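Visitor: For reference, the sequence and a predicted model appear below.
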Amino acid sequence: MNGNPPATGAAGAHRYAVRVYYEDTDAGGVVYHANYLRFAERARTEALRARGIPHAEMLAERNLMFVVRRIKVDYLRPARLDESLVVVTEPLAVRGASVLLRQDVRGAEGSCAVLDVELACVPPGGSRPARIPPRWRDGLLGMLRDAEPAA
């Protein structure tokens, strides 16, 4: 247990609460830049679990996993010691062998960092992409559909 409050989902966006601990900060009490990647990784894992498509099952049942292929991070403002944050995870695109997500790390004063993350589906130790299995693809497409504004 990581001590964080449970994750919640709404309208395609998944919300994962994070508290900034001393271990997450530098000497000035500001979140160290690489820790935003850790926060986002936990949030992605919980977003998939909340959709009923956990990483562990994909590995066990299909011998496939998601790996980060590309990540772009925009640091907007520092998060600080003991601050309560929420990582909002939303899908942007679901392709045959990859998915593009946006993850917004937000505090009471607005966004701290926004990450655009491309995940590729691959076998363990493999370098060639593989098609996302139907159950996982359907879950990701459901997130995408839920995130689209109503017409």
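Guide: It's in. Numbering: from 1, shown residues only.

Visitor: C-alpha from now on. contacts and neighbour counts both.
Guide: Noted.

Visitor: What pLDDT does the model give the most centrally placed residue in the chain?
Guide: Central residue of the chain (CA atoms, centre = their mean): residue 44, 2.6 Å from the mean position. Residue 44 is assigned 96 on the pLDDT scale.

Visitor: what's the answer for the one 10 residues further on, then?
Guide: pLDDT recorded at residue 54 is 93.

Visitor: For it, which residues are in contact?
Guide: Contacts for residue 54 (CA atoms under 8 Å, 6 or more residues apart in numbering) come out as 45, 46, 48.

Visitor: Just the buried ones out of those residues, please.
Guide: 46, 48 (16 or more other CA atoms under 10 Å).

Visitor: hmm, who's touching the longest strand along the chain?
Guide: For the chain, the longest strand by residue count, based on DSSP state E, is strand 110-122. Residues from elsewhere that reach strand 110-122, judged by CA under 8 Å, 6+ apart: 36, 64-79, 97-106, 128-132.

Visitor: Next SSE downstream of that strand?
Guide: helix 134-147 (DSSP states H and E).
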